[in-house]
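Visitor: Got a predicted structure here, sequence first:
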Amino acid sequence: MSARNIPRIVIAAPMSGSGKTTVVTGLLAALRAQGIMAQSYKIGPDYIDPGYHSLASGRPTHNLDTWLVPKERLADIFMSTMEDADVAVIEGVMGLYDGGKNGVSSTAEIAKLLQAPVLLVVNAKSMGESAAALVLGFKQYDPEVNIAGAILNRLGSDTHRTMIEEALEKLGIPVFGAIKRNDAMVMPERHLGLVPVEENAKERETVNSIGEVVGSSVDLERIVSLAKSAPPLEERCGFSGAPKPKVRIAVARDEAFSFYYPESLAVLRQKGADIVFFSPLKDDVLPEADGLILGGGFPEMFAEKLYKNDSMRRSIQEAAQKGMPIYAECGGFMYLMRRMTDFEGNAFPMLGVIPGEVEMNRKLQTVGYVSAEMLENTVLGPKGTTLQGHEFHFSSECEPKAGEDYPRAFTFRKSRNPKPYAAGYAKGNILGSYLHLHFAGAESAAESFVEACLRFKEREA
């Protein structure tokens, strides 16, 4: 092993809603404007915030999560994706010390794993010197976390800023930026958080505005200097070159289906897959392929348009009937259903590949890490295989009709509540559930899916 100097900084906060994503997006845009190549990362299982990161930086954003991916594998991903970048900007998740059970995949855990200095974004609205006490408490809670300073957010005035800065200076805690409340910094939200960039028509304008405000409100030079102070990291062997593709996998990607981890798809390529993207909303038929992946997203916002694309629905239905391996997560699982009911109570026929129905709820149904044990032999592996993933959805499955053939795919167990419950659907070449996976933490599942696609290809030849 050899050591590498990788400039890196973690942007964390005491709690959700402090403005981490806005600050990180602005920081990335400001660095890019100065010709500094910043590579962004998001801690935790998040698909939406990384879209704004990527728009600001011009580079794909990668997720860092020690539940979805083993710690040693996570370090490999971090180092391999920093090959041609100048500095890593890592956005935390929730509050600094919040994560799964026993702090798994918390911002603090990953900051320590990567030996990265931390800047704490403090929402200073309705707070004066108490902000200094808050930062001090976070700094002392775990001395192994290198909280190097603060960025003050949502300040009301220069006097407000001075009051908090002076209090922090007494504690020896430097301030790296001070951002006033500004309507131009507001990012659009809805039920799962921010509106994805794929749907936000003004996203470029929004990111540019945020970049200008943050760039003029933080000390970019000091932040980059702090990032360079991080110690060298031991480098292990990461991904080897991708082999010659042996199968082609069609992956749904458009405004309705956009939840994919770049490194998760990279693992499929490592296993011999050629990935081709298509749009269930806009394309007429599936591209030529040996397998199909329907990722998560917001099909509920496009239910009528998905329903009206008859030719695409027929194309996927025919592929399913032929035995093409199909793997679907969350939104893709909903699309495979017989019917989907949206937030307004409007019901639309979907693919009908799975003989079930799904409906949207105003209340979040579940969120958190889960372990998933396969109840059947599936396209991701044999019965008894256990995978680690994540759930986050407002929709719910309607109970299958009496006597209906509806074989469940998994037994789920939440990390904080181990009471088991049946989930998903698995039959033959079809597997769908609310589970979100990262194939870098489930390489055997990726290999199983590629092999299932290869068997289908050879059978159809």
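Guide: Everything's here; your move.
Visitor: List the contacts of the helix or strand hosting residue 371.
Guide: Element membership for residue 371, per DSSP states H and E: strand 366-374. The contact list for strand 366-374, computed with Cβ atoms under 8 Å, 6 or more residues apart in numbering, reads 45, 67, 100-101, 104-105, 380-393, 409-416, 423, 426, 433-435. From N, CA and C alone the C-beta is placed, and that goes for glycine too.
Visitor: Any quick ChimeraX command for the buried ones out of those?
Guide: A single ChimeraX command selects the buried members of the contacts of strand 366-374 (16 or more other Cβ atoms under 10 Å):
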select :45,67,100,105,380,381,385,387,388,389,390,391,392,393,409,410,411,412,413,414,415,423,426,433,434,435
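Visitor: quick one on the thing from earlier: can you list the strands that the strand holding residue 371 pairs with?
Guide: Sheet pairing of strand 366-374 (DSSP bridges) gives strand 386-393 (antiparallel), strand 410-414 (antiparallel).
Visitor: ok, residues contacting the helix or strand encompassing residue 396?
Guide: Element membership of residue 396, judged by DSSP H and E, is strand 395-397. Residues outside strand 395-397 that contact it (Cβ under 8 Å, 6+ apart): 300, 334, 340, 356-361, 365.
Visitor: Which residue in those has the weakest pLDDT?
Guide: Within the set of those, pLDDT is lowest for residue 365 (76).
Visitor: residues touching it, list them.
Guide: Residue 365 neighbours (Cβ under 8 Å, 6+ apart): 393-396.
Visitor: Is it possible to mark the buried ones in those residues?
Guide: Buried among the contacts of residue 365 by 16+ other Cβ under 10 Å: 393-395.
Visitor: Which residue ranges of the stretch 51-200 of the chain form helices?
Guide: 71-80, 107-113, 130-141, 158-170 (DSSP state H, counting those that start in this stretch).
Visitor: Can you name every helix or strand that the shortest one contacts?
Guide: The criterion is 3 or more Cβ pairs under 8 Å, 6 or more residues apart in numbering; DSSP states H and E, and the helices and strands that helix 107-113 contacts are strand 8-12, helix 71-80.
Visitor: how far does it sit from the chain's center?
Guide: In terms of Cα atoms, centre = their mean, to the nearest Å, the centre of helix 107-113 is found 17 Å from the chain centre.
Visitor: quick one on the thing from earlier: and the strands paired with strand 366-374 as JSON lines, adding distance to residue 211 and mean pLDDT?
Guide: Shown next, in JSON lines, are the strands paired with strand 366-374 (distance: least, Cβ to Cβ, whole Å; pLDDT from 0 to 100):
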{"stretch": "strand 386-393", "distance to residue 211": "28", "mean pLDDT": "92"}
{"stretch": "strand 410-414", "distance to residue 211": "38", "mean pLDDT": "94"}
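Visitor: what distance separates the strand holding residue 371 from the middle of the whole chain?
Guide: Its chain's C-alpha centre and that of strand 366-374 lie 16 Å apart, by Cα atoms, centre = their mean.
Visitor: Please apply the same query to stretch 294-311.
Guide: For stretch 294-311, the distance to the chain centre is 21 Å (Cα atoms, centre = their mean).
Visitor: Give me the buried positions along it.
Guide: Here stretch 294-311 shows 294-303, 306-307, 309 as buried, counting by 16+ other Cβ under 10 Å.
Visitor: Can you report how many residues lie near residue 83?
Guide: 10 (other Cβ atoms under 10 Å).
Visitor: for it, what are its contacts?
Guide: Residue 83 neighbours (Cβ under 8 Å, 6+ apart): none.
Visitor: quick one, phi psi at it?
Guide: phi -50, psi -40 (degrees, to the nearest 10).
Visitor: Keeping just the C-alphas, turn the longest helix along the chain into CSV.
Guide: With secondary structure taken from DSSP state H, the chain has its longest helix at helix 443-460. Output in CSV follows, covering the C-alpha atoms of helix 443-460 (Å, rounded to 0.1, in the frame of the first residue of the first chain):
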residue,chain,number,x,y,z
GLU,A,443,-21.4,-7.6,-5.5
SER,A,444,-22.7,-11.2,-5.5
ALA,A,445,-26.2,-9.8,-6.3
ALA,A,446,-24.8,-7.8,-9.2
GLU,A,447,-23.0,-10.9,-10.5
SER,A,448,-26.1,-13.0,-10.1
PHE,A,449,-28.1,-10.5,-12.1
VAL,A,450,-25.6,-10.4,-14.9
GLU,A,451,-25.5,-14.2,-15.0
ALA,A,452,-29.3,-14.3,-15.2
CYS,A,453,-29.1,-11.9,-18.1
LEU,A,454,-26.5,-14.1,-19.8
ARG,A,455,-28.7,-17.2,-19.5
PHE,A,456,-31.6,-15.3,-21.0
LYS,A,457,-29.4,-14.1,-23.9
GLU,A,458,-28.1,-17.6,-24.7
ARG,A,459,-31.6,-19.0,-24.5
GLU,A,460,-32.9,-16.3,-26.9
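Visitor: What helices and strands are in contact with that helix?
Guide: By 3+ Cβ pairs under 8 Å, 6+ apart, helix 443-460 packs against strand 247-252, helix 262-270, strand 291-294.
Visitor: Would you format the contacts of residue 365 as TSV with distance to residue 3 included?
Guide: Output for the contacts of residue 365, formatted as TSV (distance: Cβ to Cβ, whole Å):
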residue	distance to residue 3
393	42
394	46
395	47
396	50
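Visitor: which one of those sits closest to residue 144?
Guide: The closest of the contacts of residue 365 to residue 144 turns out to be residue 393 (Cβ to Cβ; 35.0 Å).
Visitor: okay but that closest one is in contact with residue 330, surely?
Guide: Yes - under the criterion of Cβ atoms under 8 Å, residue 393 makes contact with residue 330 at 5.8 Å.
Visitor: For stretch 92-110, buried residues please.
Guide: So for stretch 92-110, counting by 16+ other Cβ under 10 Å, buried means 92-100, 105-110.
Visitor: can you check stretch 429-449 too?
Guide: So for stretch 429-449, counting by 16+ other Cβ under 10 Å, buried means 429-442, 445-449.
Visitor: And stretch 78-86, by the same measure?
Guide: Buried residues in stretch 78-86 (16+ other Cβ under 10 Å): 78-82, 85-86.
Visitor: Stretch 137-151 now?
Guide: Result for stretch 137-151 [16+ other Cβ under 10 Å]: buried residues 138-139, 142, 145-151.
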